[in-house]
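A.B. asks: have a look at this prediction, sequence included:
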Amino acid sequence: MIDSMPPTEVANSERFQRFGLDADAQAVSRTRQEFAEWLQRFFDLDAVRCSDLVLAINEALTNAAEFAYRLADNPGTMDIQASYHPAAQKLSVEICDRGTWRPRQTDPAPRTRGRGIPLMETLSDHAVIDTSADGTRVRLEWNAIARRDGR
């Protein structure tokens with residue numbers, strides 16, 4: 001039997017990574033807080049824009065935790081990787097799991113759920129959700145993100 005690897009964590013001015021997170025509410029909450037602290041430490045964002053970024057990644061992490069493994073026999077994991085591209089002043093974030101999300105709600109009936117994907121799309125400059133047999137990958141991008149040191 002192979003022992004599972006502990007989650008890995010990286011955070012510097014160009015990268016924020018958490019791999020192998022348990023797909024649960026506790027990991028979502030902890031990661032959201034760590035991501036917010038990373039943004040505040042390294043980037044020149046006003047409070048509203050910072051909140052928008054944090055809310056968008058929170059929605060992706062929450063969907064992975066809540067839906068990706070709902071039909072699985074065992075709990076799963078999720079990963080988040082944020083990369084800053086200084087020349088383009090672009091921040092790209094990928095949230096991945098190895099499960100299957102529930103289908104997107106498309107009917108116009110009043111919603112009690114299903115606002116996460118529209119929020120991700122609205123709060124980011126570019127959003128793509130790819131699903132495959134290997135899992136779901138959410139890619140969110142924001143433009144015109146300056147580093148705190150002005151570079």
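C.D. replies: Nice, I can see it.

A.B. asks: tell me which stretches of the protein form strands.
C.D. replies: Along the chain, the stretches classed as strands by DSSP state E are 8-12, 15-22, 77-85, 90-97, 126-132, 135-142.

A.B. asks: quick one, the shortest one and strand 77-85 angle?
C.D. replies: Here strand 8-12 runs at an angle of 20 degrees relative to strand 77-85 (axes from the mean of the first three to the mean of the last three Cα atoms, to 10 degrees).

A.B. asks: could you pull up the mean pLDDT of strand 8-12?
C.D. replies: Strand 8-12 shows a mean pLDDT of 73.

A.B. asks: pull it out as PDB, backbone CA atoms only.
C.D. replies: This file holds the C-alpha atoms of strand 8-12, laid out as PDB (Å, rounded to 0.1, in the frame of the first residue of the first chain):
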ATOM      1  CA  THR A   8       2.300  20.600  -0.600                       C
ATOM      2  CA  GLU A   9       2.400  24.400  -0.100                       C
ATOM      3  CA  VAL A  10       4.300  27.100  -2.000                       C
ATOM      4  CA  ALA A  11       3.800  30.900  -1.800                       C
ATOM      5  CA  ASN A  12       6.000  33.500  -3.100                       C
END
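
A.B. asks: helices or strands up against that strand?
C.D. replies: Contacting strand 8-12 under the criterion 3 or more Cβ pairs under 8 Å, 6 or more residues apart in numbering; DSSP states H and E are the following elements: strand 15-22. The way it works is simple: take the backbone N, C-alpha and C, and place the C-beta from them, glycine included.
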